[in-house]
Structure formats: structure tokens, C-alpha cells
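**Q** what follows is a predicted protein model with its sequence.
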Amino acid sequence: MNNKIEKLIGQFVRFGIIGGMNTAIDFGILNLLMWWTGIYSGGQIVLLNIISFAIAVTNSYFWNKYWTFKDKDSTGVLEFSQFIAVTLVGLVINSTIVYVVTTLVDPMFGLNETLWANLAKIVATGLSLIWNFIGYKFIVFKQK
């Protein structure tokens, strides 16, 4: 197998592992906030989602920089700004899906509002994950 393909596969596997960890952080915090506030839909769930997403993404930056993409160069503010920009697009994708599914679609399959919100979050996470990998790989941590 080509060395570039092996490197890409390795990066994607590491990204997936970190993504799993960050997803656990994101879901854990979102569920804690929903339980604590009693908010499960509407505009306020977007705020809760932003809080949980922001905490997980801060963790994500350091793991992806140093482990996934092995970017030891310190490019400082520009790199972090690019990371935040890519991540904010991911956040818009993520929050829009969570809002639409929890607010405009009644729970299906006999799910209660908590499980429905978590299903929305699963879909949102999958779609924003694809965007984030592409953005981090080709914009933020591209080979210099």
C-alpha cells in the first residue's frame, strides 16, 4: 500500500478514536445540562449544545494537533483561528441538525424526548465529523 494512503488511514483512525472520546464528552455534558435545566428542545437547547460542543472541541484541538496530525510546529494564533473557524462551521452543522430534529420533528419510534434529542445528536455528530476531518486535514493541519 502507498505510504500516503497508510498515513491517511492512520490519521483517520486516530481522528476516529479522538472523535469517540470527544463525542462522549459532548454527549455527557449535553445530557447533564439537559437533566440539570429540564431543557430538551427549542432555541435553548442550542445554547446547551454550544456549551457541550465547545468543551469537547477544546479537547479535540490538542489531541488532533499533537496525535492525529502530529503537527509539532507551533503556528500559534493563525492555526488556532483556522481550527476555530472550521469547528464553528461544524458547530453550525451540528446545532442546526439538533435544533431541527428536536424542535420541528416530533419524536418517533416511541422514543421519549431525551432519547430523541440523543438520536438527533448522533446524526448531527456524524455529519459534522465528516466536515471537521476534511477541514482539519486540508486547512488547519495541512503539511507545511
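**A** All right, it came through fine.
**Q** for the rest of this, base every contact and every neighbour count on C-alpha atoms.
**A** OK.
**Q** mind listing what's buried in stretch 14-25?
**A** Arg14, Phe15, Gly16, Ile18, Gly19, Asn22, Thr23, Ile25 (16 or more other C-alpha atoms under 10 Å).
**Q** residues contacting the closest residue to the last one other than its chain neighbours?
**A** The one in question is Ile25. Closest residue in space to Ile25, ignoring its immediate chain neighbours: Ala56 at 5.7 Å, by C-alpha to C-alpha, 6 or more residues apart in numbering. By C-alpha atoms under 8 Å, 6 or more residues apart in numbering, the residues touching Ala56 are Asn22, Thr23, Ile25, Asp26.
**Q** mind exporting stretch 66-81 as PDB, just the C-alpha atoms?
**A** Coordinates of each C-alpha in stretch 66-81 appear next as PDB, following Å, rounded to 0.1, in the frame of the first residue of the first chain:
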ATOM      1  CA  TYR A  66      -0.300  16.500  18.500                       C
ATOM      2  CA  TRP A  67      -1.500  13.000  17.900                       C
ATOM      3  CA  THR A  68      -3.700  12.700  14.800                       C
ATOM      4  CA  PHE A  69      -1.900  15.100  12.600                       C
ATOM      5  CA  LYS A  70       1.400  15.100  14.500                       C
ATOM      6  CA  ASP A  71       1.700  18.800  14.000                       C
ATOM      7  CA  LYS A  72       4.700  19.800  16.200                       C
ATOM      8  CA  ASP A  73       5.100  23.200  14.500                       C
ATOM      9  CA  SER A  74       3.800  26.000  16.700                       C
ATOM     10  CA  THR A  75       2.000  28.300  14.300                       C
ATOM     11  CA  GLY A  76       0.100  29.900  17.100                       C
ATOM     12  CA  VAL A  77      -2.800  32.200  16.600                       C
ATOM     13  CA  LEU A  78      -3.300  31.600  12.900                       C
ATOM     14  CA  GLU A  79      -3.600  27.800  13.300                       C
ATOM     15  CA  PHE A  80      -5.900  28.100  16.300                       C
ATOM     16  CA  SER A  81      -8.000  30.600  14.400                       C
END
